[in-house]
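Need coordinates for the below:
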Amino acid sequence: MKLKVFFICFCLLATSATMWGQTPVVPGTADELHFKRSNEHPVNFGVKAGFTSSLFLVSQFSINDVAIDEVQNNYKIGYFASVFMRINFDRHFLQPEISYNINRCNITFEKPLPEGAPTGSIPEEASITSSIHSIDIPVIYGYNVIKEGPYSLAIFGGPKVRYIWDKKSDITFDNFDEWNIREKLRPLNLSFTAGVAVTISRIFFDFRYDIGLHNISKHVTYEVPSNDATMEESTDKIRFQRRDNVLSFSFGILF
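So this is what the prediction gives:
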């Protein structure tokens, strides 16, 4: 319920800001020339915020050397906020950014049946829920396909360096047979970003897709009982590799 209220408020804010950002300009008049001169800056700064939806592409996943082939992605809404600088070259621009992200996702799968299970046994379902905090630094190149008066439509792409804040991130393994399961994530990761942006005066809407270029999971540890009734840490039974792809929508303001 709180998420729905937040989303409605966000839409109302975006609508009012868009109306505020529009300036009535008549093409071919002195007003249009004045508008262009006052808004064409070599460098702009900006802020933006928005929502994300993560997709974990699992390339290798096995439990007790039994491969898990079918994994169901269950999308969850995350969010982010960022600041950026835009360097303009006529229709082209270069835009370095820095953002704080919270990406959330849940995957479910059927656990492999134990050896000697009766014929017709129904496998149990297990899940992994992730809430990953990260600091992202993309550097994108963009081109304004349309740039008329206060309106523009741009396409863009570029690399992104991602630092995963492991201590803030939370990964939960539900309905596993092992104890105290913990996933160690690689702190530095590389992605490629592509997207499209619509600008109205100083207000813009940004749609982008981030493609993870490599495995973000370092290893999975857990505890097993030892002979003296204590618990020992192991890394043999659970092998998990995944890439993180993220679809995002943001609303921002240029200064």
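
Quick check: which element contains Ile171?
Secondary structure from DSSP states H and E places Ile171 in strand 170-174.

what's next to that strand, contact-wise?
With contact meaning CB atoms under 8 Å, 6 or more residues apart in numbering, strand 170-174 is reached by 126-132, 181-183, 185. Using the backbone N, CA and C atoms, a C-beta is placed for each residue, glycine as well.

Given that strand, what are its sheet partners and their directions?
In the sheet, strand 170-174 lines up against strand 125-148 (antiparallel) (DSSP bridges).

what's the model's confidence in the partner strand, averaged?
The pLDDT scores in strand 125-148 average 96.

next helix or strand past that strand?
strand 151-164.

Now do that following strand: distance to the chain's middle.
Averaging C-alpha positions (CA atoms, centre = their mean, to the nearest Å) puts strand 151-164 12 Å from its chain's average.

Residues touching it, excluding its own?
The contact list for strand 151-164 (CB under 8 Å, 6+ apart) reads 93, 95, 132-146, 185-200, 208, 210, 216.

please redo it, this time with the cut-off set to 7 Å
If you take CB atoms under 7 Å, 6 or more residues apart in numbering as the criterion, strand 151-164 is touched by 132, 134-146, 185-200, 210, 216.

who's Tyr79 bridged to?
Phe51, Ile102.

how deep is it tucked in, by neighbour count?
Using other CB atoms under 10 Å, the number of residues around Tyr79 comes to 18.

Kindly report the same for the one 3 residues further on.
Neighbouring residues of Ser82 were enumerated by other CB under 10 Å; the total is 21.

sorry, back to before: next structured bit after the strand holding Ile171?
Downstream of strand 170-174 (by DSSP H and E), the next one is strand 179-185.

Quick one: list the elements packing against that following strand.
Applying 3 or more CB pairs under 7 Å, 6 or more residues apart in numbering; DSSP states H and E, we find strand 179-185 packed against strand 217-225.

Identify the neighbouring strands of the strand it packs on in the sheet and state each direction.
strand 179-185 (antiparallel), strand 231-234 (antiparallel).

Report the buried residues of that strand.
Buried residues in strand 217-225, counting neighbours by 16 or more other CB atoms under 10 Å, are found at 217, 220-222.

From those residues, pick the one nearest Tyr75.
Ranked by distance to Tyr75 (CB to CB), those are led by Ser217 at 19.3 Å.

what about the closest one, distance to Val145?
38 Å (CB to CB, to the nearest Å).

Might one say that Ala254 is in contact with Lys48?
To be clear, residue 254 is Leu; Ala isn't right here. No. Assessed by CB atoms under 7 Å, Leu254 is found out of contact with Lys48, at 9.4 Å.

Which strand or helix spans Ile107?
strand 92-110.

now Ser54
Using DSSP H and E, Ser54 maps to strand 43-63.

Would you mind identifying the next helix or strand past that strand?
strand 66-67.

and that following strand, which strands flank it?
Strand 66-67 has these partner strands in its sheet, going by DSSP bridges: strand 43-63 (antiparallel).
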